[in-house]
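Chemist: structure, please.
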Amino acid sequence: MASEPNSDTLANTVAERMRLDIIAAGLTDGDLFTTETEVTRRYGVSRNIAREAVSQLRSLGILVSRQGKGLLIGRADPVGLLARSLPFHGNGPEDQKHLAQWRYVLEIGSIELAVACASEEQIDRLAQLAREYDEMGSRDHSEEEDNAVELAFHSLILQMTGNPLIAGMHQLLVTYFGSPTRRRDVEVDDRPRTAWQHQAIAEAIRQRDAEQARVILRQHLQSMYHLMQAFATP
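Modeler: Sure, this is the predicted structure:
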């Protein structure tokens with residue numbers, strides 16, 4: 001059978017129609033949608049086009065195939081999808097700036113939830129990380145050790161929200177910014193100020209003072225944000 005003209009566009013169209021049909025039918029994780037053979041009849045396309053459309057929804061986690069059952073609704077993993085695509089987002093100046101902005105907005109927007117939901121164990125761990133960062137300034141240490149403590153501190157704040165999407169998205173960004181070639185948010189002269197900010201943020205969260213935590217975190221992240229913008233400047 002001759003392939004349809006503009007087959008890529010047609011497969012995209014069918015995939016989108018299928019996605020909208022799934023939403024309209026109110027199907028959820030584990031529900032039966034249809035079979036691949038039925039897709040060709042329902043949407044009036046060839047088997048090749050049906051297979052490509054189904055493959056697109058499988059790659060997004062929207063559909064999963066089960067032998068003897070057909071196509072079931074899957075549980076899409078937005079964090080996992082982003083993890084696979086982020087390394088290919090680009091390394092240009094605008095890309096760097098946009099990612100820095102994303103991290104800044106994500107952390108500032110999440111601090112109130114972190115303050116409200118943090119457990120005492122998490123708060124104790126955050127204070128410990130703040131002390132570790134401060135103590136590292138008085139001894140020789142590698143840049144990798146410095147990065148690890150700084151990123152662990154920020155990751156824990158997002159974990160405090162109890163929201164796996166927030167924590168997962170943040171981890172992608174700190175991983176992306178984590179290498180010495182990408183990250184210049186802590187200058188040597190700024191270390192005492194950064195150490196104080198860590199401790200003040202941890203104490204504000206312990207006191208359940210969301211406004212104070214937000215103010216100090218904003219000051220802390222502005223250094224990273226401006227430096228990442230400078231790093232992104234050609």
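
Chemist: burial count for residue 166?
Modeler: 21 (other CB atoms under 10 Å). From N, CA and C alone the C-beta is placed, and that goes for glycine too.

Chemist: helices and strands around the helix or strand that it is a member of, which ones?
Modeler: If you go by DSSP states H and E, residue 166 is part of helix 164-177. On a contact count with 3 or more CB pairs under 8 Å, 6 or more residues apart in numbering; DSSP states H and E, helix 164-177 meets helix 78-85, helix 93-117, helix 143-159.

Chemist: now the next helix or strand after that helix: buried residues?
Modeler: Using DSSP H and E, the helix or strand that directly follows helix 164-177 along the chain is helix 191-206. Residues 194-195, 197-206 are the ones in helix 191-206 that count as buried (16 or more other CB atoms under 10 Å).

Chemist: now for this structure, the helix or strand with the poorest mean pLDDT.
Modeler: Of all helical and strand segments in the chain, the minimum by mean pLDDT, DSSP states H and E falls on helix 210-232, at a mean of 77.

Chemist: gap between the residue nearest the centre of the chain and residue 101?
Modeler: The chain has residue 169 as the residue nearest its centroid, 1.7 Å off, counting by CA atoms, centre = their mean. Residue 169 sits at a distance of 14 Å from residue 101 (criterion: CB to CB, to the nearest Å).

Chemist: what of residue 45?
Modeler: 41 Å.

Chemist: same check, this time on residue 203
Modeler: 28 Å.

Chemist: cool, and residue 136?
Modeler: Distance from residue 136 to residue 101, by CB to CB: 28 Å.

Chemist: what domains does the record give for the protein?
Modeler: For the chain, automatic domain parsing gives the domain ranges 7-76, 80-232.

Chemist: residues touching stretch 72-87, excluding its own?
Modeler: Stretch 72-87 is contacted by residues 22, 27-33, 58, 60-66, 164-165, 168-169, 172, 176 when judged by CB atoms under 8 Å, 6 or more residues apart in numbering.
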